[in-house]
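Participant: model this:
(one chain, ligands or ions: 1)
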Amino acid sequence: MSEAAYDPMRQFAELAGDVRDPYPLLAEMRSADAVSQLRLGPRVGRYRLDEKAPPIPAMFTVLSRDFAEQVLTDSARFSSAGYAVTMGQVMGRTILEMDPPEHLRHRALIAKAFRARVLDQWSEPVIGAVVGELIAAFAGDGRADLVRQLTFPFPIQVIARILGLPRTDWPRFVRLSTRLLGVMRNWDAAVAAGAELRRYFADIIADRRREPRDDLVSQLVLADIDGHRLSDEEIFPFLLLLLPAGAETTYRSSSNLLFGLLSRPGQLDAVRADRSLVPRAIEEALRWETPVLTVARTAAADTELGGVNVPEGAFIAVSLGAANRDPARYADPDAFDIFREPQPHLAFGDGPHKCLGMHLARLEMRVLLNAVLDRLHRLRLDPAAEDPHIHGLVFRSPPDLPVRFDPVS
Ligand code: HEM
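Facilitator: Reported below is the predicted structural model:
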């Protein structure tokens, strides 16, 4: 595809899949079995399974809040190694596919950069600056698509700043990152983008080896693991993981938050009038429309879960979306209600792999929502918008968010 024809927004909308509401089906499955086994016949969709092909592992979906938590917090029984054959193919060996104790040693290398206290320092100078620039570009128009013009470009630019990439490189970085993120749609383009990003990062790493600065690449260059400094090949996966982990998720969660409030003007007015409600609105949006619907594990040995026998090597899809709408834990779970009694949710996962960037994600959503409320007066969904909605089966968010507001002169 030519550069001119490449539209990352369209690619991402397609990637999400056009499923409007998977929740009734998930609820039905959960009420039948909290741990449900997927039994494959000789055909899967259009494909006939080849009798000579290696056997497909047993597959299970975990749908209740309690069992989801059990799987995620027990990495001895439920391994993350399966990510090696999916995300690992384009990113290299990342912490996502490691099990303890290797996992903790590697995670510790970047964990410091993502602590709440460290991040607070970036709130205005980094995150506020990115959001401010993006809003200023359309504030005079009186209308905008908040996905295309704000939530989509925002988190990749924040990551570029955290990594310490020169501003002139951002367009190239954003282009390569969105291609890498499209791995499930266009494998070849993602692999090529991964290779180019490696070459790009190799130059940045070489520069920081010569002259370390106050950025994440310099921290990795100076890090020590098991008595040795990390090689370029060991640093690349860290950098490549931050793109899908930190960019795609946050753009979707910010879009869901804005969608939830804009489609319920009473709740939007309440948050505008009382900003102490912002954190509750963020948590409720994460629970109600969980951006990453499912995470994967593999049974490390024969085991049992919710009375179901799970053989060694079985593939386990933990449905974070279904867990976050489990009526056993949340009253009226399908409603978006920022006034509900706060309850912890699983949008960031749980256990040793619980999202490393959750403080950053929350901070980004907070800064973004406050800036939108401060700068865009009389903000509302565009009455002429055709059918605003959230969709997706793998990731979920609105494809667009057309809004109107009073233009700022
Ligand atoms: C609302 C936004 C976000 C959501 C919903 C989200 C969700 C998740 C989930 C569910 C996991 C666990 C995966 C698993 O257990 O298999 C995870 C892991 C991770 N996330 Fe996030 N994430 C978000 C934002 C971020 C940001 C902003 C960053 C950093 C820039 C980030 C970096 C990571 C990393 C590095 C991991 C791997 C942790 C590990 O394996 O130990 N995430 N995220």
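Participant: where does this structure have low pLDDT?
Facilitator: For the chain, the stretches with pLDDT under 70 are 1-17, 40-54, 184.
Participant: strands of that one, start to end?
Facilitator: 35-38, 43-44, 47-48, 59-62, 78-79, 143-145, 224-225, 228-229, 294-299, 303-305, 308-310, 315-319, 380-381, 402-404 (DSSP state E).
Participant: make CSV out of those and add mean neighbour count and distance to the ligand.
Facilitator: Yep, even glycine has a C-beta here, placed from its N, CA and C like the rest. CSV is the format used below for those (neighbours: other Cβ atoms under 10 Å; distance: least, Cβ to the nearest ligand atom, whole Å):
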stretch, mean neighbour count, distance to the ligand
strand 35-38, 16, 18
strand 43-44, 10, 24
strand 47-48, 9, 27
strand 59-62, 23, 12
strand 78-79, 23, 10
strand 143-145, 18, 20
strand 224-225, 11, 15
strand 228-229, 11, 21
strand 294-299, 20, 4
strand 303-305, 16, 17
strand 308-310, 17, 17
strand 315-319, 22, 8
strand 380-381, 15, 22
strand 402-404, 20, 21
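Participant: JSON lines for the ones you listed, including distance to residue 276?
Facilitator: Formatted as JSON lines, those follow (distance: least, Cβ to Cβ, whole Å):
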{"stretch": "strand 35-38", "distance to residue 276": "39"}
{"stretch": "strand 43-44", "distance to residue 276": "50"}
{"stretch": "strand 47-48", "distance to residue 276": "53"}
{"stretch": "strand 59-62", "distance to residue 276": "35"}
{"stretch": "strand 78-79", "distance to residue 276": "38"}
{"stretch": "strand 143-145", "distance to residue 276": "27"}
{"stretch": "strand 224-225", "distance to residue 276": "42"}
{"stretch": "strand 228-229", "distance to residue 276": "46"}
{"stretch": "strand 294-299", "distance to residue 276": "32"}
{"stretch": "strand 303-305", "distance to residue 276": "40"}
{"stretch": "strand 308-310", "distance to residue 276": "44"}
{"stretch": "strand 315-319", "distance to residue 276": "32"}
{"stretch": "strand 380-381", "distance to residue 276": "23"}
{"stretch": "strand 402-404", "distance to residue 276": "24"}
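Participant: out of these, which gets nearest to residue 205?
Facilitator: strand 228-229 (11.3 Å; Cβ to Cβ).
Participant: quick check: residues of the chain near the ligand?
Facilitator: 80, 95-96, 107, 159, 241-242, 245-246, 249-250, 253, 291-292, 295, 347-349, 353, 355-357, 360-361 (Cβ under 6 Å from any ligand atom).
Participant: give me the neighbour count for the closest residue to the ligand within the stretch 101-250 of the chain.
Facilitator: With Cβ to the nearest ligand atom, the shortest gap between the stretch 101-250 of the chain and the ligand falls at residue 246, namely 2.5 Å. Other residues lying near residue 246 total 22 when counted by other Cβ atoms under 10 Å.
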